[in-house]
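Participant: Need a 3D model of the sequence below.
(2 chains)
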Amino acid sequence: MLEARNLSIRFGGLKAVEDVSLAVRRGAIVALIGPNGAGKTTLFNLVSGFLKPLTGAVALEGRDITGLAPHEVCRLGMTRTFQIVQPFGAQTVRENVAVGAHLHHRGRAAALTRAEEVARQVGLAGDLDKLALNLTIAGRKRLELARALATGPKLLLLDEVLAGLNPQEIAGMIPVVQTIRASGVTVLMIEHVMQAVMNLADEVYVLNNGRLIAHGAPAAVTNDPQVIEAYLGHGTAARLRKAAHA
Amino acid sequence: MRGLLGIGAFGAVVAVLPLFVTSGYALNAIVMTLYAALLGQAWNILGGFGGQFSFGHAVFFGSGAYAMAVLQVKLGWNAWAALPAALAAGGAVGALVGALSFRYGLRGSYFALVTLAFAEVFRILANTFEFTGAGVGMMVPLKETVADLQPPSRAGYLWLILVPVLAGLLVSWWLKRSRYGAWLQAVRDNEESAAALGVNAFRVKLAAIMISGGLMAAGGAFYVQYLHYIDPHIAYGPAVSVEALLGPIIGGMGTVWGPLLGAGMLHLLGETTRGLMGDAPGINLVVYGVVLILMVTFLPSGIIGVFGRRLTHA
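Facilitator: The predicted structure is shown next:
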(Lines give C-alpha, C1' and ligand atoms only; values in the text may rest on other atoms or scores of the structure.)
Protein backbone atom coordinates (compact mmCIF):
# COMPACT_ATOMS: atom_id res chain seq x y z
CA MET A 1 0.00 0.00 0.00
CA LEU A 2 2.56 2.54 1.21
CA GLU A 3 6.27 2.20 0.82
CA ALA A 4 8.85 4.72 1.99
CA ARG A 5 12.46 4.11 1.07
CA ASN A 6 15.52 5.74 2.64
CA LEU A 7 13.80 8.98 3.57
CA SER A 8 16.03 11.70 4.99
CA ILE A 9 15.63 15.35 5.75
CA ARG A 10 17.74 17.88 7.60
CA PHE A 11 16.79 21.16 9.23
CA GLY A 12 20.02 23.10 9.30
CA GLY A 13 22.45 20.74 11.02
CA LEU A 14 19.72 18.63 12.63
CA LYS A 15 19.13 15.27 10.97
CA ALA A 16 15.42 15.13 11.73
CA VAL A 17 14.80 11.97 9.73
CA GLU A 18 17.73 9.82 8.63
CA ASP A 19 17.47 6.98 6.14
CA VAL A 20 14.06 5.70 7.22
CA SER A 21 12.29 2.97 5.27
CA LEU A 22 8.92 1.54 6.14
CA ALA A 23 6.11 -0.36 4.49
CA VAL A 24 2.41 -0.51 5.27
CA ARG A 25 0.37 -3.49 4.06
CA ARG A 26 -3.15 -2.98 2.73
CA GLY A 27 -5.74 -3.39 5.48
CA ALA A 28 -3.26 -3.13 8.34
CA ILE A 29 -3.04 -0.77 11.27
CA VAL A 30 0.58 0.17 11.66
CA ALA A 31 1.80 2.29 14.56
CA LEU A 32 4.76 4.63 14.59
CA ILE A 33 6.07 5.28 18.08
CA GLY A 34 9.07 6.94 19.62
CA PRO A 35 10.04 9.48 22.27
CA ASN A 36 9.25 13.17 21.83
CA GLY A 37 11.36 14.76 19.11
CA ALA A 38 12.10 11.42 17.47
CA GLY A 39 10.94 12.70 14.08
CA LYS A 40 7.56 11.00 13.83
CA THR A 41 5.57 14.01 12.69
CA THR A 42 8.39 15.02 10.35
CA LEU A 43 8.22 11.57 8.80
CA PHE A 44 4.45 12.07 8.34
CA ASN A 45 5.13 15.41 6.68
CA LEU A 46 7.57 13.72 4.29
CA VAL A 47 5.15 10.94 3.42
CA SER A 48 2.10 13.20 2.94
CA GLY A 49 3.82 15.84 0.82
CA PHE A 50 4.04 18.68 3.36
CA LEU A 51 7.84 18.39 3.21
CA LYS A 52 10.04 17.27 0.35
CA PRO A 53 12.61 14.65 1.37
CA LEU A 54 16.28 15.35 0.82
CA THR A 55 16.79 11.75 -0.26
CA GLY A 56 14.53 8.75 -0.67
CA ALA A 57 11.18 8.05 -2.25
CA VAL A 58 7.57 7.42 -1.30
CA ALA A 59 5.26 5.12 -3.25
CA LEU A 60 1.52 4.74 -2.79
CA GLU A 61 0.08 1.56 -4.33
CA GLY A 62 3.25 1.22 -6.36
CA ARG A 63 3.02 4.75 -7.73
CA ASP A 64 5.83 7.19 -6.99
CA ILE A 65 4.43 10.16 -5.09
CA THR A 66 7.68 11.73 -3.91
CA GLY A 67 7.46 15.50 -4.07
CA LEU A 68 3.76 15.68 -4.88
CA ALA A 69 1.84 18.46 -3.14
CA PRO A 70 -0.43 17.46 -0.21
CA HIS A 71 -3.64 18.04 -2.17
CA GLU A 72 -2.39 15.77 -4.98
CA VAL A 73 -1.46 13.08 -2.49
CA CYS A 74 -4.94 13.37 -0.99
CA ARG A 75 -6.54 12.95 -4.40
CA LEU A 76 -4.58 9.71 -4.85
CA GLY A 77 -6.16 8.34 -1.68
CA MET A 78 -3.88 9.21 1.23
CA THR A 79 -5.04 11.75 3.84
CA ARG A 80 -3.63 12.83 7.17
CA THR A 81 -4.81 14.41 10.39
CA PHE A 82 -2.80 16.87 12.45
CA GLN A 83 -1.43 16.36 15.94
CA ILE A 84 -2.37 19.94 16.81
CA VAL A 85 -5.97 19.98 15.62
CA GLN A 86 -6.63 22.48 12.86
CA PRO A 87 -10.40 22.91 12.53
CA PHE A 88 -12.05 25.51 10.32
CA GLY A 89 -13.14 27.24 13.52
CA ALA A 90 -15.71 29.65 12.09
CA GLN A 91 -17.62 26.81 10.43
CA THR A 92 -19.94 24.17 11.82
CA VAL A 93 -18.93 20.54 12.22
CA ARG A 94 -21.10 19.66 9.22
CA GLU A 95 -19.41 22.32 7.06
CA ASN A 96 -15.96 21.24 8.23
CA VAL A 97 -16.53 17.64 7.25
CA ALA A 98 -18.19 18.66 3.98
CA VAL A 99 -14.91 20.22 2.83
CA GLY A 100 -13.44 16.72 2.86
CA ALA A 101 -16.54 15.24 1.27
CA HIS A 102 -16.34 17.72 -1.61
CA LEU A 103 -13.27 15.87 -2.91
CA HIS A 104 -15.62 13.31 -4.44
CA HIS A 105 -18.95 15.16 -4.32
CA ARG A 106 -19.32 18.25 -6.47
CA GLY A 107 -22.83 19.14 -5.29
CA ARG A 108 -23.28 20.94 -1.98
CA ALA A 109 -26.26 18.83 -0.89
CA ALA A 110 -24.45 15.56 -1.61
CA ALA A 111 -21.36 16.71 0.29
CA LEU A 112 -23.41 17.80 3.31
CA THR A 113 -25.26 14.47 3.36
CA ARG A 114 -21.99 12.55 3.14
CA ALA A 115 -20.53 14.78 5.88
CA GLU A 116 -23.41 13.87 8.15
CA GLU A 117 -22.87 10.15 7.58
CA VAL A 118 -19.17 10.37 8.34
CA ALA A 119 -19.75 12.54 11.41
CA ARG A 120 -22.13 9.88 12.76
CA GLN A 121 -19.53 7.20 12.11
CA VAL A 122 -17.02 8.94 14.41
CA GLY A 123 -19.61 9.83 17.06
CA LEU A 124 -20.22 13.48 16.25
CA ALA A 125 -23.91 13.09 15.43
CA GLY A 126 -24.97 15.39 18.27
CA ASP A 127 -22.54 18.17 17.35
CA LEU A 128 -23.31 18.61 13.64
CA ASP A 129 -24.44 22.22 13.94
CA LYS A 130 -21.92 23.32 16.55
CA LEU A 131 -19.13 25.66 15.54
CA ALA A 132 -15.86 23.73 15.40
CA LEU A 133 -14.24 26.15 17.82
CA ASN A 134 -16.86 25.29 20.44
CA LEU A 135 -15.96 21.58 20.49
CA THR A 136 -14.02 19.97 23.31
CA ILE A 137 -10.55 18.60 22.56
CA ALA A 138 -12.03 15.12 22.20
CA GLY A 139 -14.61 16.53 19.79
CA ARG A 140 -11.95 18.27 17.74
CA LYS A 141 -9.94 15.06 17.48
CA ARG A 142 -13.03 13.31 16.18
CA LEU A 143 -13.59 16.18 13.78
CA GLU A 144 -10.05 15.82 12.40
CA LEU A 145 -10.78 12.17 11.85
CA ALA A 146 -14.17 12.81 10.24
CA ARG A 147 -12.83 15.41 7.80
CA ALA A 148 -10.05 13.11 6.71
CA LEU A 149 -12.43 10.14 6.38
CA ALA A 150 -14.83 12.19 4.29
CA THR A 151 -12.24 12.39 1.51
CA GLY A 152 -12.71 8.63 1.12
CA PRO A 153 -9.06 7.67 1.69
CA LYS A 154 -7.51 4.28 1.08
CA LEU A 155 -4.76 5.11 3.55
CA LEU A 156 -5.21 7.32 6.59
CA LEU A 157 -2.31 8.86 8.51
CA LEU A 158 -3.35 9.64 12.07
CA ASP A 159 -1.06 11.93 14.04
CA GLU A 160 -1.77 11.33 17.73
CA VAL A 161 -5.56 11.26 17.61
CA LEU A 162 -5.57 10.08 21.24
CA ALA A 163 -3.21 12.67 22.70
CA GLY A 164 -4.82 14.93 25.26
CA LEU A 165 -7.81 12.64 25.79
CA ASN A 166 -8.77 11.16 29.16
CA PRO A 167 -8.90 7.36 29.59
CA GLN A 168 -12.64 7.30 29.00
CA GLU A 169 -12.34 9.27 25.78
CA ILE A 170 -9.49 7.02 24.65
CA ALA A 171 -11.64 3.96 25.27
CA GLY A 172 -14.30 5.65 23.13
CA MET A 173 -11.92 6.33 20.25
CA ILE A 174 -10.36 2.88 19.93
CA PRO A 175 -13.50 1.23 18.46
CA VAL A 176 -13.81 4.18 16.05
CA VAL A 177 -10.37 3.42 14.64
CA GLN A 178 -11.24 -0.28 14.49
CA THR A 179 -14.39 0.50 12.52
CA ILE A 180 -12.36 2.57 10.10
CA ARG A 181 -10.03 -0.34 9.43
CA ALA A 182 -12.99 -2.71 9.15
CA SER A 183 -14.43 -0.45 6.45
CA GLY A 184 -11.34 -1.15 4.35
CA VAL A 185 -9.13 1.83 5.16
CA THR A 186 -5.48 1.15 5.91
CA VAL A 187 -4.13 3.10 8.89
CA LEU A 188 -0.70 4.40 9.79
CA MET A 189 -0.78 6.08 13.19
CA ILE A 190 1.58 7.99 15.40
CA GLU A 191 0.67 7.22 18.96
CA HIS A 192 2.00 7.67 22.48
CA VAL A 193 -0.79 5.86 24.27
CA MET A 194 0.71 2.34 24.49
CA GLN A 195 -2.54 0.75 25.58
CA ALA A 196 -4.03 1.83 22.27
CA VAL A 197 -0.99 0.73 20.29
CA MET A 198 -1.14 -2.73 21.86
CA ASN A 199 -4.88 -2.92 21.20
CA LEU A 200 -4.92 -1.67 17.65
CA ALA A 201 -1.66 -2.14 15.84
CA ASP A 202 -0.62 -5.17 13.82
CA GLU A 203 2.89 -3.84 13.45
CA VAL A 204 4.96 -1.18 15.15
CA TYR A 205 7.85 0.92 13.93
CA VAL A 206 9.98 2.68 16.53
CA LEU A 207 11.76 5.90 15.70
CA ASN A 208 14.47 7.50 17.83
CA ASN A 209 16.62 10.50 16.96
CA GLY A 210 15.39 10.35 13.39
CA ARG A 211 16.31 6.70 12.85
CA LEU A 212 14.29 3.50 12.93
CA ILE A 213 15.48 1.38 15.84
CA ALA A 214 12.93 -1.41 15.86
CA HIS A 215 10.12 -2.94 13.86
CA GLY A 216 7.80 -5.84 14.56
CA ALA A 217 4.74 -7.01 16.44
CA PRO A 218 3.72 -4.74 19.36
CA ALA A 219 4.60 -7.22 22.08
CA ALA A 220 8.02 -7.96 20.62
CA VAL A 221 8.86 -4.31 20.11
CA THR A 222 8.01 -3.26 23.65
CA ASN A 223 10.45 -5.88 24.99
CA ASP A 224 13.22 -4.78 22.66
CA PRO A 225 16.13 -3.51 24.83
CA GLN A 226 16.90 -0.71 22.35
CA VAL A 227 13.33 0.56 22.54
CA ILE A 228 13.30 0.46 26.34
CA GLU A 229 16.52 2.44 26.43
CA ALA A 230 15.21 4.99 23.95
CA TYR A 231 12.29 5.72 26.25
CA LEU A 232 13.79 5.18 29.68
CA GLY A 233 17.47 5.99 29.25
CA HIS A 234 20.77 4.23 28.75
CA GLY A 235 21.33 1.08 30.82
CA THR A 236 17.68 0.72 31.80
CA ALA A 237 17.14 -2.47 29.83
CA ALA A 238 19.95 -4.23 31.63
CA ARG A 239 18.76 -3.03 35.01
CA LEU A 240 15.22 -4.17 34.28
CA ARG A 241 16.47 -7.59 33.19
CA LYS A 242 18.52 -7.92 36.38
CA ALA A 243 15.55 -6.86 38.47
CA ALA A 244 13.38 -9.47 36.75
CA HIS A 245 15.91 -12.24 37.47
CA ALA A 246 16.51 -11.27 41.06
CA MET B 1 -33.60 29.44 -2.17
CA ARG B 2 -34.63 31.98 0.46
CA GLY B 3 -31.35 33.74 -0.23
CA LEU B 4 -32.17 34.09 -3.92
CA LEU B 5 -35.62 35.47 -3.11
CA GLY B 6 -34.02 38.06 -0.86
CA ILE B 7 -31.66 39.15 -3.61
CA GLY B 8 -34.54 39.33 -6.09
CA ALA B 9 -36.65 41.37 -3.69
CA PHE B 10 -33.79 43.77 -3.03
CA GLY B 11 -33.24 44.22 -6.76
CA ALA B 12 -36.93 44.90 -7.36
CA VAL B 13 -37.19 47.44 -4.55
CA VAL B 14 -34.11 49.37 -5.60
CA ALA B 15 -35.13 49.28 -9.26
CA VAL B 16 -38.44 51.05 -8.54
CA LEU B 17 -36.90 53.60 -6.15
CA PRO B 18 -36.60 56.28 -8.88
CA LEU B 19 -40.40 56.26 -9.14
CA PHE B 20 -40.62 57.61 -5.59
CA VAL B 21 -37.32 59.40 -5.11
CA THR B 22 -37.02 62.31 -7.50
CA SER B 23 -34.47 64.54 -5.77
CA GLY B 24 -31.20 64.45 -7.69
CA TYR B 25 -29.26 64.69 -4.43
CA ALA B 26 -30.99 61.66 -2.93
CA LEU B 27 -30.66 59.62 -6.13
CA ASN B 28 -26.97 60.45 -6.30
CA ALA B 29 -26.57 59.35 -2.67
CA ILE B 30 -28.21 56.01 -3.49
CA VAL B 31 -26.04 55.55 -6.57
CA MET B 32 -22.87 56.28 -4.60
CA THR B 33 -23.94 53.91 -1.84
CA LEU B 34 -24.52 51.11 -4.34
CA TYR B 35 -21.16 51.93 -5.93
CA ALA B 36 -19.43 51.68 -2.53
CA ALA B 37 -21.30 48.43 -1.91
CA LEU B 38 -19.97 47.05 -5.20
CA LEU B 39 -16.37 47.84 -4.25
CA GLY B 40 -17.02 46.21 -0.88
CA GLN B 41 -18.50 43.10 -2.49
CA ALA B 42 -15.45 42.77 -4.72
CA TRP B 43 -13.08 43.05 -1.75
CA ASN B 44 -15.26 40.69 0.30
CA ILE B 45 -14.84 37.83 -2.19
CA LEU B 46 -11.09 37.74 -1.63
CA GLY B 47 -10.86 39.25 1.86
CA GLY B 48 -14.06 38.05 3.50
CA PHE B 49 -14.55 34.63 1.93
CA GLY B 50 -10.90 33.96 1.12
CA GLY B 51 -9.20 35.57 4.13
CA GLN B 52 -6.64 37.34 1.93
CA PHE B 53 -6.69 40.96 3.11
CA SER B 54 -5.84 43.34 0.32
CA PHE B 55 -4.89 46.96 0.99
CA GLY B 56 -4.52 47.67 -2.70
CA HIS B 57 -7.79 46.81 -4.39
CA ALA B 58 -7.41 50.08 -6.28
CA VAL B 59 -5.08 48.18 -8.59
CA PHE B 60 -8.12 46.34 -10.02
CA PHE B 61 -10.41 49.34 -9.84
CA GLY B 62 -7.93 51.56 -11.67
CA SER B 63 -7.20 48.96 -14.33
CA GLY B 64 -10.92 48.65 -15.08
CA ALA B 65 -11.31 52.42 -15.14
CA TYR B 66 -8.30 53.01 -17.37
CA ALA B 67 -9.23 50.16 -19.72
CA MET B 68 -12.65 51.75 -20.11
CA ALA B 69 -11.25 55.26 -20.69
CA VAL B 70 -8.31 54.35 -22.93
CA LEU B 71 -10.34 52.05 -25.16
CA GLN B 72 -13.01 54.71 -25.69
CA VAL B 73 -10.89 57.83 -25.95
CA LYS B 74 -7.65 56.62 -27.56
CA LEU B 75 -8.91 53.66 -29.58
CA GLY B 76 -12.43 54.84 -30.35
CA TRP B 77 -14.19 51.76 -28.99
CA ASN B 78 -17.85 51.86 -28.13
CA ALA B 79 -18.39 51.80 -24.37
CA TRP B 80 -20.43 48.59 -24.54
CA ALA B 81 -17.50 46.86 -26.21
CA ALA B 82 -15.01 48.39 -23.80
CA LEU B 83 -16.94 47.17 -20.75
CA PRO B 84 -16.14 43.43 -21.03
CA ALA B 85 -12.54 44.34 -21.84
CA ALA B 86 -12.41 46.43 -18.66
CA LEU B 87 -13.74 43.54 -16.57
CA ALA B 88 -11.21 41.22 -18.19
CA ALA B 89 -8.45 43.74 -17.42
CA GLY B 90 -9.40 43.60 -13.73
CA GLY B 91 -9.37 39.80 -13.81
CA ALA B 92 -6.04 39.73 -15.62
CA VAL B 93 -4.39 42.09 -13.14
CA GLY B 94 -5.86 39.88 -10.42
CA ALA B 95 -4.23 36.87 -12.03
CA LEU B 96 -0.90 38.68 -12.19
CA VAL B 97 -0.94 39.87 -8.56
CA GLY B 98 -2.31 36.53 -7.36
CA ALA B 99 0.09 34.35 -9.30
CA LEU B 100 3.09 36.27 -8.01
CA SER B 101 2.06 36.62 -4.37
CA PHE B 102 0.34 33.26 -3.82
CA ARG B 103 3.03 31.38 -5.70
CA TYR B 104 5.50 32.57 -3.09
CA GLY B 105 3.12 31.87 -0.22
CA LEU B 106 2.56 35.48 0.89
CA ARG B 107 -0.13 35.68 3.54
CA GLY B 108 -1.51 38.13 6.07
CA SER B 109 0.26 41.44 6.31
CA TYR B 110 2.81 40.45 3.66
CA PHE B 111 0.05 39.94 1.12
CA ALA B 112 -1.60 43.22 2.19
CA LEU B 113 1.67 45.11 1.69
CA VAL B 114 2.29 43.55 -1.71
CA THR B 115 -1.15 44.55 -2.96
CA LEU B 116 -0.54 48.08 -1.70
CA ALA B 117 2.78 48.10 -3.55
CA PHE B 118 1.16 46.89 -6.77
CA ALA B 119 -1.41 49.69 -6.61
CA GLU B 120 1.37 52.24 -6.13
CA VAL B 121 3.40 50.84 -9.03
CA PHE B 122 0.35 51.05 -11.28
CA ARG B 123 -0.31 54.60 -10.09
CA ILE B 124 3.20 55.64 -11.02
CA LEU B 125 2.94 53.90 -14.40
CA ALA B 126 -0.37 55.61 -15.15
CA ASN B 127 1.23 58.88 -14.12
CA THR B 128 4.09 58.33 -16.55
CA PHE B 129 2.66 57.05 -19.81
CA GLU B 130 1.15 59.33 -22.41
CA PHE B 131 -1.54 56.85 -23.50
CA THR B 132 -3.11 56.93 -20.05
CA GLY B 133 -3.06 60.72 -20.10
CA ALA B 134 -0.16 60.81 -17.64
CA GLY B 135 -0.65 63.11 -14.65
CA VAL B 136 -3.40 65.10 -16.36
CA GLY B 137 -5.75 62.11 -16.49
CA MET B 138 -8.39 61.44 -19.10
CA MET B 139 -11.75 62.97 -19.89
CA VAL B 140 -14.41 60.73 -21.37
CA PRO B 141 -16.64 62.90 -23.58
CA LEU B 142 -20.15 63.48 -22.32
CA LYS B 143 -22.65 61.76 -24.63
CA GLU B 144 -25.63 60.93 -22.45
CA THR B 145 -26.99 58.15 -24.63
CA VAL B 146 -27.64 54.55 -23.70
CA ALA B 147 -25.77 53.55 -26.85
CA ASP B 148 -22.64 54.99 -25.22
CA LEU B 149 -23.39 53.46 -21.81
CA GLN B 150 -24.15 56.90 -20.44
CA PRO B 151 -27.78 56.86 -19.39
CA PRO B 152 -29.33 60.33 -19.77
CA SER B 153 -30.80 60.34 -16.24
CA ARG B 154 -29.71 59.66 -12.67
CA ALA B 155 -32.27 56.85 -12.56
CA GLY B 156 -30.47 55.26 -15.50
CA TYR B 157 -27.22 55.26 -13.54
CA LEU B 158 -29.01 53.72 -10.59
CA TRP B 159 -30.14 50.84 -12.78
CA LEU B 160 -26.68 50.63 -14.32
CA ILE B 161 -24.90 50.23 -10.95
CA LEU B 162 -27.63 47.93 -9.66
CA VAL B 163 -26.68 45.24 -12.19
CA PRO B 164 -23.13 44.57 -10.91
CA VAL B 165 -24.31 44.93 -7.29
CA LEU B 166 -26.85 42.16 -7.94
CA ALA B 167 -24.10 40.16 -9.62
CA GLY B 168 -21.97 40.66 -6.49
CA LEU B 169 -24.82 39.42 -4.30
CA LEU B 170 -25.29 36.38 -6.52
CA VAL B 171 -21.59 35.52 -6.48
CA SER B 172 -21.54 35.80 -2.68
CA TRP B 173 -24.68 33.67 -2.42
CA TRP B 174 -23.05 31.08 -4.67
CA LEU B 175 -19.89 31.09 -2.51
CA LYS B 176 -22.08 30.22 0.49
CA ARG B 177 -23.46 27.09 -1.14
CA SER B 178 -21.01 25.68 -3.63
CA ARG B 179 -17.99 23.42 -3.58
CA TYR B 180 -15.74 26.25 -4.68
CA GLY B 181 -17.05 28.48 -1.88
CA ALA B 182 -16.48 25.72 0.68
CA TRP B 183 -12.91 25.33 -0.54
CA LEU B 184 -12.28 29.07 -0.45
CA GLN B 185 -13.54 29.37 3.13
CA ALA B 186 -11.56 26.29 4.13
CA VAL B 187 -8.40 27.91 2.77
CA ARG B 188 -9.28 31.09 4.70
CA ASP B 189 -9.69 29.20 7.98
CA ASN B 190 -6.71 26.87 7.68
CA GLU B 191 -4.65 26.43 4.57
CA GLU B 192 -2.73 23.32 5.76
CA SER B 193 -5.89 21.50 6.72
CA ALA B 194 -7.48 22.39 3.42
CA ALA B 195 -4.47 21.05 1.52
CA ALA B 196 -4.60 17.81 3.52
CA LEU B 197 -8.23 17.46 2.42
CA GLY B 198 -7.34 17.70 -1.26
CA VAL B 199 -7.87 21.43 -1.81
CA ASN B 200 -5.47 23.11 -4.22
CA ALA B 201 -5.09 26.31 -2.18
CA PHE B 202 -3.10 28.15 -4.86
CA ARG B 203 -5.72 27.60 -7.56
CA VAL B 204 -8.58 28.45 -5.22
CA LYS B 205 -6.98 31.74 -4.14
CA LEU B 206 -6.04 32.61 -7.71
CA ALA B 207 -9.63 32.17 -8.87
CA ALA B 208 -10.84 34.32 -5.95
CA ILE B 209 -8.52 37.20 -6.75
CA MET B 210 -9.53 37.06 -10.42
CA ILE B 211 -13.27 37.17 -9.66
CA SER B 212 -12.64 39.89 -7.08
CA GLY B 213 -10.52 41.86 -9.56
CA GLY B 214 -13.15 41.57 -12.28
CA LEU B 215 -15.93 42.85 -10.02
CA MET B 216 -13.71 45.65 -8.73
CA ALA B 217 -12.99 46.64 -12.34
CA ALA B 218 -16.74 46.92 -12.89
CA GLY B 219 -16.65 49.59 -10.18
CA GLY B 220 -13.86 51.38 -12.05
CA ALA B 221 -15.73 51.19 -15.33
CA PHE B 222 -18.85 52.59 -13.68
CA TYR B 223 -16.83 55.44 -12.17
CA VAL B 224 -15.57 56.47 -15.60
CA GLN B 225 -19.04 56.35 -17.15
CA TYR B 226 -20.64 58.24 -14.27
CA LEU B 227 -18.06 60.97 -13.62
CA HIS B 228 -16.38 61.06 -17.06
CA TYR B 229 -12.92 61.61 -15.68
CA ILE B 230 -10.08 59.50 -14.31
CA ASP B 231 -6.57 60.32 -13.15
CA PRO B 232 -3.81 58.22 -11.55
CA HIS B 233 -4.60 59.31 -8.02
CA ILE B 234 -8.32 58.57 -8.28
CA ALA B 235 -7.73 55.29 -10.07
CA TYR B 236 -4.87 53.80 -8.11
CA GLY B 237 -4.72 55.94 -4.96
CA PRO B 238 -5.33 54.45 -1.50
CA ALA B 239 -8.79 56.05 -1.09
CA VAL B 240 -10.50 53.44 -3.27
CA SER B 241 -8.64 50.59 -1.58
CA VAL B 242 -9.82 51.81 1.80
CA GLU B 243 -13.38 52.36 0.61
CA ALA B 244 -13.45 48.76 -0.65
CA LEU B 245 -12.50 47.25 2.69
CA LEU B 246 -14.57 49.56 4.94
CA GLY B 247 -17.97 48.25 3.87
CA PRO B 248 -17.34 44.53 4.44
CA ILE B 249 -15.40 45.04 7.68
CA ILE B 250 -18.19 47.16 9.12
CA GLY B 251 -21.07 45.18 7.64
CA GLY B 252 -19.68 41.70 8.12
CA MET B 253 -16.85 39.92 6.29
CA GLY B 254 -17.57 36.71 4.44
CA THR B 255 -21.31 37.35 4.38
CA VAL B 256 -23.65 37.94 1.46
CA TRP B 257 -25.21 41.18 2.71
CA GLY B 258 -22.35 42.57 4.82
CA PRO B 259 -20.71 44.84 2.22
CA LEU B 260 -24.05 46.34 1.20
CA LEU B 261 -25.11 46.87 4.80
CA GLY B 262 -21.73 48.37 5.70
CA ALA B 263 -21.78 50.73 2.71
CA GLY B 264 -25.31 51.81 3.59
CA MET B 265 -24.42 52.50 7.22
CA LEU B 266 -21.31 54.46 6.27
CA HIS B 267 -23.14 56.64 3.78
CA LEU B 268 -25.93 57.34 6.27
CA LEU B 269 -23.29 58.21 8.83
CA GLY B 270 -21.44 60.42 6.33
CA GLU B 271 -24.62 62.30 5.44
CA THR B 272 -25.52 62.73 9.11
CA THR B 273 -22.14 64.10 10.11
CA ARG B 274 -22.22 66.44 7.14
CA GLY B 275 -25.62 67.62 8.33
CA LEU B 276 -24.43 68.11 11.89
CA MET B 277 -20.97 69.51 11.37
CA GLY B 278 -21.40 71.35 8.12
CA ASP B 279 -19.15 70.91 5.13
CA ALA B 280 -15.80 70.65 6.86
CA PRO B 281 -13.92 68.80 4.14
CA GLY B 282 -12.94 65.27 5.09
CA ILE B 283 -14.92 65.20 8.35
CA ASN B 284 -16.78 62.11 7.15
CA LEU B 285 -13.43 60.32 6.69
CA VAL B 286 -12.54 61.06 10.31
CA VAL B 287 -15.84 59.54 11.36
CA TYR B 288 -15.24 56.50 9.12
CA GLY B 289 -11.88 55.98 10.77
CA VAL B 290 -13.33 56.13 14.25
CA VAL B 291 -16.14 53.74 13.30
CA LEU B 292 -13.65 51.33 11.75
CA ILE B 293 -11.53 51.24 14.92
CA LEU B 294 -14.61 50.73 17.09
CA MET B 295 -15.92 47.95 14.84
CA VAL B 296 -12.65 46.06 14.68
CA THR B 297 -12.27 46.33 18.45
CA PHE B 298 -15.78 45.52 19.60
CA LEU B 299 -17.59 43.85 16.69
CA PRO B 300 -15.05 41.96 14.59
CA SER B 301 -17.82 40.02 12.89
CA GLY B 302 -19.51 43.23 11.77
CA ILE B 303 -23.07 44.44 12.04
CA ILE B 304 -24.34 41.15 10.69
CA GLY B 305 -22.49 39.35 13.45
CA VAL B 306 -24.79 41.09 15.93
CA PHE B 307 -27.79 39.39 14.41
CA GLY B 308 -26.18 36.00 14.87
CA ARG B 309 -25.39 33.17 12.57
CA ARG B 310 -28.84 32.67 11.11
CA LEU B 311 -28.65 35.86 9.11
CA THR B 312 -25.12 35.26 7.90
CA HIS B 313 -26.32 31.99 6.47
CA ALA B 314 -29.37 33.35 4.74
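
Participant: check contacts around residue 4.
Facilitator: You didn't say which chain, so I picked chain A. By C-beta atoms under 8 Å, 6 or more residues apart in numbering or on different chains, the residues touching A:Ala4 are A:20-23, A:43, A:46-47, A:56-59. The way it works is simple: take the backbone N, C-alpha and C, and place the C-beta from them, glycine included.

Participant: actually it's chain B I care about, not the one you picked
Facilitator: B:Trp173.

Participant: Tell me where the chain is predicted with low confidence.
Facilitator: Let's take chain A. For chain A, applying pLDDT under 70 flags the ranges A:246.

Participant: that answer is for a different chain, and I need it for chain B
Facilitator: Applying pLDDT under 70 to chain B flags residues B:279, B:308-314.

Participant: Show me which helix runs longest in it.
Facilitator: Counting residues, the longest helix in chain B under DSSP state H turns out to be helix B:201-227.

Participant: Any idea how far that one is from the middle of the chain?
Facilitator: Its chain's C-alpha centre and that of helix B:201-227 lie 7 Å apart, by C-alpha atoms, centre = their mean, to the nearest Å.

Participant: That one - contacts with which helices or strands?
Facilitator: Packed against helix B:201-227 by the contact rule (3 or more C-beta pairs under 8 Å, 6 or more residues apart in numbering or on different chains; DSSP states H and E) you find helix B:24-44, helix B:58-73, helix B:79-103, helix B:154-176, helix B:179-189, helix B:191-196, strand B:229-230.

Participant: give the contact list for the nearest residue to A:Leu133 once chain neighbours are set aside.
Facilitator: Closest residue to A:Leu133 apart from its sequence neighbours, by C-beta to C-beta, 6 or more residues apart in numbering or on different chains: A:Gly89 at 3.7 Å. Residues in contact with A:Gly89 (C-beta under 8 Å, 6+ apart) are A:131-133, B:189.

Participant: With B:Trp183 instead?
Facilitator: Listed by C-beta under 8 Å, 6+ apart, the contact set of B:Trp183 reads A:99, A:102, B:194, B:199, B:204.

Participant: Tell me if stretch B:296-304 is near chain A.
Facilitator: No - counting by C-beta under 8 Å from any C-beta of the partner chain, chain A has no neighbours in stretch B:296-304; the shortest distance is 8.8 Å.

Participant: which residue is nearest the middle of chain B?
Facilitator: Centroid check for chain B by C-alpha atoms, centre = their mean gives B:Leu39 as the closest residue, at 1.5 Å.

Participant: Actually, chain A.
Facilitator: When C-alpha atoms, centre = their mean is applied to chain A, the residue found nearest the centroid is A:Leu158 (1.9 Å).

Participant: Which secondary structure elements does the host helix or strand of it sit against?
Facilitator: In this assignment (DSSP states H and E), A:Leu158 forms part of strand A:155-159. In this structure, strand A:155-159 packs against helix A:40-48, strand A:78-80, helix A:137-150, strand A:186-190, with contacts taken as 3+ C-beta pairs under 8 Å, 6+ apart.

Participant: go again using 6 Å as the cut-off
Facilitator: The elements that strand A:155-159 packs onto, with contact taken as 3 or more C-beta pairs under 6 Å, 6 or more residues apart in numbering or on different chains; DSSP states H and E, are helix A:40-48, strand A:78-80, strand A:186-190.

Participant: Quick check: what element follows that strand along the chain?
Facilitator: helix A:167-182.

Participant: mind checking the SS state of the residue in the stretch 1-150 of chain B that chain A sits nearest to?
Facilitator: Using C-beta to the nearest C-beta, the closest approach of the stretch 1-150 of chain B to chain A is made by B:Gly51 at 9.8 Å. Assigned with DSSP: H, G, I helix; E, B strand; the rest coil, B:Gly51 falls in the coil class.
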